[in-house]
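[1] Task: produce atomic coordinates for the following.
(chains A and B)
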Number of protein chains: 2
Amino acid sequence: MARNTKVAAIQDAPPVTRTLAKLVATHPSRGWSDAVEKEAHRTFLNWAGCATGAAQHESVTAALGAVAMLQPAPQSSVLGRSERVDMASAALVNGISSHTFDFDDTHLKTIIHPAGPVASALLALAEVTGATGREVIDALVLGIDVSCRVGNMMYPDHYDRGWHITGSTGTLGAAAGCARLLGLDEQKTTMALGIAASQPIGMREQFGTMTKPFHPGGAARAGLTSALLARSGFTASPRAIEAARGMSQTISTKNDWNEITDELGSRFEISFNTYKPFACGIVIHPTIDAAVQLRDRGVKPADVERVELRVHSLVLELTGKKEPKDGLEGKFSVYHGFCCGLMFGRAAEHEYDDAIVNRADMVELRRKVVATVDDAIAEESADVTVVLKSGQREHVFVKHAIGSLERPMTDAMLEAKARDLAEPVIGLPRANSLIAACWGLGEASDVRAITRAACP
Amino acid sequence: MARNTKVAAIQDAPPVTRTLAKLVATHPSRGWSDAVEKEAHRTFLNWAGCATGAAQHESVTAALGAVAMLQPAPQSSVLGRSERVDMASAALVNGISSHTFDFDDTHLKTIIHPAGPVASALLALAEVTGATGREVIDALVLGIDVSCRVGNMMYPDHYDRGWHITGSTGTLGAAAGCARLLGLDEQKTTMALGIAASQPIGMREQFGTMTKPFHPGGAARAGLTSALLARSGFTASPRAIEAARGMSQTISTKNDWNEITDELGSRFEISFNTYKPFACGIVIHPTIDAAVQLRDRGVKPADVERVELRVHSLVLELTGKKEPKDGLEGKFSVYHGFCCGLMFGRAAEHEYDDAIVNRADMVELRRKVVATVDDAIAEESADVTVVLKSGQREHVFVKHAIGSLERPMTDAMLEAKARDLAEPVIGLPRANSLIAACWGLGEASDVRAITRAACP
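    This is a model prediction of the structure:
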C-alpha cells in the first residue's frame, strides 16, 4: 500500500502535460517566423554533421554491435501470445504483462516487484543465446539481489519522493541478470550496471494507468540493452550508482551503503520474496484468508445471518467501499473480498469481473458484513465472526494472511494461482506444461519448454 | 561548463557498483541454499503465470501494436554507416553519435543539447513512415520546444542535483516530436508525453564515458517508443509531468510552471539554439576566436615573440593545462586552443588529434603563450595581445565569441563545420550532398536525400 509522503509537493501545478501536448498536436505547420524556420534547418544540419562525423568512433561501433544482437526480428516470445518480436521488445512486453494484474511478486521490505524487470529480460535473452535453465536461475537470483539491495539502500525516501521503485531499481536488476547470462566479467558487468544506472524508470503518478506496468517492462528493456552495450565494449562510470552525481544520490536522500554489502553472497533477497494469493490490495488479504478458512469449516453463504469484521482503521480507509459497482471498485472493497472468500474460496482476477461483483447472491451476502475499526488489531491481521441463522457463531482470527512471509503460499497454491491465470489464455494442458517447465527450469537444457508451453 | 552544485553530496560512498558487479560476475552457480534455489523457481513460476494470464489484456495488445512498428528490421539508417538497423536502435545510435564529439548544439539557458534526442528519433521514424521534410521540420521545432521549456522549468536545481538535462528532458522532446510526426491528436500526444515522463535518462557522473552520449540516444529511443505506444492506445497519467508524484516534482525542486506557458506558440526555444565552432569547452572559445582574428590580420606563428592572454579565472581553472600530452588533454588547454586558432584558423575535432597536439611548431608556439587571470574580464570574453619579433603589438578583445547568441555562426561557418565532420567519413561529394539536403529539408518529399548522402 502507499506510504504517506514525507517529501513536500506543490499541489497547484497547472496542467502542463496537456498544455504542451496541445501545442505539439495543434500548432499549425510552419506556424513561426522565417528566423525560426531557418534555425530549425541550422539545427538539423549541425546535428547531421556531428552524427556523421562520429560514425566511426568506437562508441558508435560498440552501440551498433549491441543492437546487432537485436536482429533479425522476430527472435523472442511473448508469453501467452503467438507473436514473436525482437528481443528488446519481448523484454518490454513480458515486463508489462507480468505486472498488468498487479498480481506479481513483492519484496515486502521495499515493495519492489522484483521478477518483472529481471525475468522478462532474462527469458528474452535466453531464447536468443540458448542459455541453459541453470544459467537463467543463477541470473535471476543475482539480478533480483541487485535490484532489491539497491532498493533496501534507498527505501523509503526514494519511494516517498515519487519513484516507482520497481522500475527504478529494476533496470539495474535486469542489467545484472543479463550481464550474468551473457557471462560478462567483473569489469564489463560494472559497465553494464553503470549504463543501467543512468536509466531509472517510473513515477508513482502513473499508478492506475498502463504506464505503471510499463515500468517493469521498460526496466527490462533498458537493463537488457545495457548489458548488450557493455558486452560490446561500451563504457560507463564504474561509480555510476554511488558517486556524488551518480544514480542513488541523485534520486534518493537515503543511501544506506551497508544494505549493499551486508551478508553479500550469503543472504539473498529473493528469500524474502512473497506472492499475492488474492488479486487485490494486501490489506484485504487477512479478511479473505479468514473467509476461506470459514468456508473450509463448512460455513455456507445461505446460512449466514451476519458477519462481524474487526480490522485496523487503515483497512477501511483504503478499501472501505461498501457497495462496489464494478470489478475495479471491488478491488477496493474489503466487503467484496470477504464474500469472494466465503462464496468461492478464492479471490483471483476472475472474482473481480463486473458480473461477479454484481451477482445477486454476492450483493446479498455483502450487505450482511459489518466492519468495525479496532486499532488493537494490526494492519496485517483480521478478526472475523460469522453469526449463522441458526444462532451459531464461528470465529477466526488471522494474524498473518496467507502469502505473507510468516505464512508463505505453498507450492500447491502457487501452482493453482498460475493455472488460474494461464488456463484462460493457453488452455489447461499448456498451463500444466508451463508449470512443469517452471519447476524444472534449473535442470533444463534451454528455455524452450517454457516458451512453447506459453504459446497459445 | 559545469555549475557548482548546491545539493549536498555524500562523498565517502563505497564502491557499490563494483561490489555488486563482482557478486554478479563471480558468485558460483547455485551458490546458495536449497531454500533460495526453490524460491527462484517459485518466483519464476509466479511471474510466468502473471505474464501469461495478462497476455490478452488491452495494455499488452497496445504494447505489441507499438513494437510491431519496429519490425521488420533493418528499417532505418545510421548516419555515416552502411549498417541499417531497426527504428528504435537507429534513434539510439544516431543520438549517441551526434553527441560523441561534444560538438553538437547548445540551448544556453539550460545547457541542453536539444537536437540529439529529437532529431535522432525523428529521422529514424520518418524513414519508416515516409514523412515529408516539412513534417520533420515541424516536429523538430515543436519537439525541441517541449524539451527546452521543461528544461527552463527545472533548471538549475535539476541539473545541480545530478541529472544530465539533455537526456532527462530529451525523452519528452523526442516523444513530442514523434507524436507530431505520427499525427497524434492532443489526447494521444498527452499520453505520449505521459509515458515519456516516466523515463528521464542521464546522470552527470557519466561525463567522460560513452554513457554521456548514450543519454541523448537513450532519450531518442525512449521518446520514440513512447509515441508509438500512445499511438497504439497505451495510457499514462495526463498529469505525468506536473503532478505531485509526477516527473518534474520528483526530479527537481525548482518547477517554474510559467516557463511552459509563457509565449507558448509564439516564442520558440529553437531560436536560442547555438552551435559550437570549436571542438572544446566553451570557455576557451573567446581565446580561439581572438587567435583566428589575429591570423586573419596576417599574424604568422613564426613571427610571434610572445602572446599575452588575459582571461577570467574560471578559464584557467577549467582549461589551464600548459603542456597537454594528447588530444584529450588538449581539450582542457586554453594554450593549445589559442595555437590552433593562430596556426590553422580553426579548432575542429582534427585539431585535437594527438599528433597535432605534439607537433613541434605547436609545442613551440604554445610555450610563448602567457596567460594571466583578470576577473574584470567576463567568462565569455578574452583579451589577447601578440608581441611580434619585430616589436609590433597586435591586440584583440573578444567580448562574445563566435557561436554565442550575440555572434551566431554564419550559415557558411555551419556548412564548413558540417563538411569538416562529414568529409572524412563519407567523402566530399556526399558531404556536400548532405549539406544541400539539410538546407532543403523543409521542401523535401521525404528524408531519403539525407540518409542516402550520409551513407558512405
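[2] Would you mind confirming that A:Gln199 makes contact with A:Arg221?
    No. Using CB atoms under 8 Å, A:Gln199 makes no contact with A:Arg221, being 9.5 Å away. C-betas here are computed from N, CA, C, even on glycine.
[3] Compare the two and say which is more crowded by neighbours.
    Legend: neighbour count by other CB atoms under 10 Å in any protein chain shown for A:Gln199 and A:Arg221, higher for A:Arg221 (34 against 31).
[4] count of residues packed around the closest residue to the more buried one other than its chain neighbours?
    Closest residue to A:Arg221 apart from its sequence neighbours, by CB to CB, 6 or more residues apart in numbering or on different chains: A:Leu92 at 4.3 Å. Applying other CB under 10 Å, we find 32 residues neighbouring A:Leu92.
[5] what's near enough to touch A:Leu92?
    Applying CB atoms under 8 Å, 6 or more residues apart in numbering or on different chains, we find A:Leu92 in contact with A:120, A:217-218, A:220-221, B:63, B:67, B:225.
[6] Recalculate using a threshold of 10 Å.
    Each residue near A:Leu92 by CB atoms under 10 Å, 6 or more residues apart in numbering or on different chains is listed here: A:78, A:85-86, A:120-121, A:124, A:214, A:216-222, A:224, B:63-64, B:66-67, B:88, B:225, B:229.
[7] In strands only, show me these.
    Using DSSP state E, the subset of those located in strands is A:Val85.
[8] which ones among the contacts of A:Leu92 are found in helices?
    Among the contacts of A:Leu92, the ones falling in helices (DSSP state H) are A:120-121, A:124, A:214, A:216-222, A:224, B:63-64, B:66-67, B:88, B:225, B:229.
[9] Separate out the buried members of those residues.
    Buried residues within the ones in helices among the contacts of A:Leu92, defined by neighbour count using 16 or more other CB atoms under 10 Å in any protein chain shown: A:120-121, A:124, A:214, A:216-222, A:224, B:63-64, B:66-67, B:88, B:225, B:229.
[10] Dihedrals phi and psi, A:Thr385?
    Taking degrees, to the nearest 10, you get phi -120, psi 130 for the backbone angles of A:Thr385.
[11] In this structure it contacts A:Leu309, no?
    Yes. Here A:Thr385 reaches A:Leu309: they are 8.2 Å apart, a contact under CB atoms under 10 Å.
[12] Find residues that contact each of those two.
    With CB under 10 Å, 6+ apart, A:Thr385 and A:Leu309 have common neighbours A:290, A:370.
[13] Who has more neighbours out of the two?
    Per other CB under 10 Å, whichever of A:Thr385 and A:Leu309 has more neighbours is A:Leu309, with 22 against 17.
[14] That one is in contact with A:Gly341, isn't it?
    No. Counting by CB under 10 Å, A:Gly341 is not a contact partner of A:Leu309; they are 11.4 Å apart.
[15] Touching both of these two, which residues are there?
    By CB under 10 Å, 6+ apart, the residues touching both A:Leu309 and A:Gly341 are A:287, A:290-291, A:384.
[16] could you measure A:Glu379 against B:Cys50, distance?
    Using CB to CB, to the nearest Å, A:Glu379 is found at 25 Å from B:Cys50.
[17] oh, I was asking about A:Ala197
    Per CB to CB, A:Ala197 is found 27 Å from B:Cys50.
[18] Return the list of helices and strands in contact with the worst-scoring helix or strand of chain A on mean pLDDT.
    In chain A, no helix or strand scores lower on mean pLDDT, DSSP states H and E than helix A:58-68, which sits at a mean of 80. Other helices and strands packing on helix A:58-68, by 3 or more CB pairs under 10 Å, 6 or more residues apart in numbering or on different chains; DSSP states H and E, are helix A:211-231, strand B:84-85, helix B:87-100, helix B:211-231.
[19] What mean pLDDT does the second one get?
    If I follow you right, that is strand B:84-85. Averaged over strand B:84-85, pLDDT sits at 87.
[20] Contacts for that strand next, please.
    Applying CB under 10 Å, 6+ apart, the external contacts of strand B:84-85 come out as A:63-64, A:67-68, A:70-71, B:73-78, B:90-94, B:124, B:127, B:451, B:455.
[21] what's the neighbour count on A:Asp12?
    Neighbour count of A:Asp12, defined by other CB under 10 Å: 6.
[22] any idea how far A:Ile435 is from the residue lying closest to A:Gly133 once chain neighbours are set aside?
    Excluding the flanking residues, the one nearest A:Gly133 by CB to CB, 6+ apart is A:Ala444, at 3.3 Å. A:Ala444 sits 14 Å away from A:Ile435, going by CB to CB.
[23] neighbour-wise, which of those two wins?
    Neighbour count, other CB under 10 Å: between A:Ala444 and A:Ile435, A:Ile435 has more, with 21 against 18.
[24] packing partners for the helix or strand hosting the more buried one?
    Using DSSP states H and E, the element containing A:Ile435 is helix A:428-439. Judged by 3+ CB pairs under 10 Å, 6+ apart, the packing partners of helix A:428-439 are helix A:411-426, helix A:448-453, helix B:34-53.
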